[in-house]
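next one to model:
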Amino acid sequence: MESIDDKIVKSVSKCGRGTIVFPANFVSLGENTSVLKALERLASKGTLIRLARGIYCYPKEDKILGLGVVYPSYEEIAQSIAQRDKARIAPAGAYAMNVLGFTTQVPMNLVFLTDGSPRSVQLFNGHRITFKQTVPKKLSFQNKIAQLITVALQEIGQDHITDAHKQHLKKILSPLREEQISGDYPLMPAWIRTLVKGSYE
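Down below sits the predicted model:
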């Protein structure tokens, strides 16, 4: 008879490497306690990796460079949690600055805006993902880059924008035509809209 561990492995291998899973994905395979214990066993064997409490990954492996297990990105982990919770999210604060290259420093606390429940998830490596509830307007951007620019510049602050920031903004926007961004102008604070428009002049 097939064990619950084998059933879980069969299920995740169908989804492919890099898949992030939660105990709720396996409710049809057994009682919650049995599923949790099976996930723990598979993590201790190295079949799965534990990303946080109740969050596991069927890891990709880098065989070309011999780097071994490849962990999913913070964005992938956050998006998986959001999909599970049927919520929308967007990087915020210092993490948005890092994503866009305004800073090379990855913050220990990675903040995402959400229209779901606020929560905080402690990751395996000491970093933390925090979901901060926000108004729907902040998640209504059509263009993801426009959204990231808005939250990153708000984090820097109007009075702290330097010429270097303006040059970097131009670089971020250079692959995009203004009409790809302009639909989101009404959602930007006036000073950010002015900066973005200025990048196209």
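
show me where the chain has helices.
Taking DSSP state H as the test, the helices found in the chain are 4-15, 32-45, 74-84, 93-100, 144-156, 163-173, 178-181, 190-199.

I'd like the ones you listed as TSV, with mean pLDDT, distance to Pro136 and mean neighbour count appended.
For glycine as for every other residue, the C-beta is placed from the backbone atoms N, C-alpha and C. Shown next, in TSV, are the helices of the chain (pLDDT from 0 to 100; distance: least, Cβ to Cβ, whole Å; neighbours: other Cβ atoms under 10 Å):
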stretch	mean pLDDT	distance to Pro136	mean neighbour count
helix 4-15	94	31	16
helix 32-45	95	33	15
helix 74-84	96	15	18
helix 93-100	94	18	21
helix 144-156	96	13	20
helix 163-173	96	25	14
helix 178-181	95	20	14
helix 190-199	96	19	16
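
got JSON lines for those helices, with distance to Val21 too?
Listed next are these as JSON lines, based on distance: least, Cβ to Cβ, whole Å:
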{"stretch": "helix 4-15", "distance to Val21": "6"}
{"stretch": "helix 32-45", "distance to Val21": "8"}
{"stretch": "helix 74-84", "distance to Val21": "8"}
{"stretch": "helix 93-100", "distance to Val21": "24"}
{"stretch": "helix 144-156", "distance to Val21": "25"}
{"stretch": "helix 163-173", "distance to Val21": "34"}
{"stretch": "helix 178-181", "distance to Val21": "35"}
{"stretch": "helix 190-199", "distance to Val21": "38"}
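
select, out of those, the one closest to Leu65.
Across the helices of the chain, Leu65 has its closest neighbour in helix 74-84 (19.8 Å, Cβ to Cβ).

dump the C-alpha coordinates for that closest one into CSV.
Extracted C-alpha coordinates of helix 74-84, given in CSV (Å, rounded to 0.1, in the frame of the first residue of the first chain):
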residue,chain,number,x,y,z
TYR,A,74,11.0,35.9,-2.2
GLU,A,75,8.6,37.1,-4.9
GLU,A,76,7.7,33.5,-5.8
ILE,A,77,7.1,32.6,-2.1
ALA,A,78,5.0,35.7,-1.5
GLN,A,79,3.0,35.1,-4.7
SER,A,80,2.3,31.5,-3.7
ILE,A,81,0.9,32.6,-0.3
ALA,A,82,-1.2,35.3,-2.1
GLN,A,83,-2.6,32.7,-4.5
ARG,A,84,-3.5,30.4,-1.6
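
which residues touch the closest residue to Ser140 other than its chain neighbours?
The spatial neighbour of Ser140 that comes closest, neighbours along the chain excluded (Cβ to Cβ, 6 or more residues apart in numbering), is Leu187 at 6.3 Å. Leu187 makes contacts with Lys137, Lys138, Ser140, Phe141, Ala146, Thr150, as judged by Cβ atoms under 8 Å, 6 or more residues apart in numbering.
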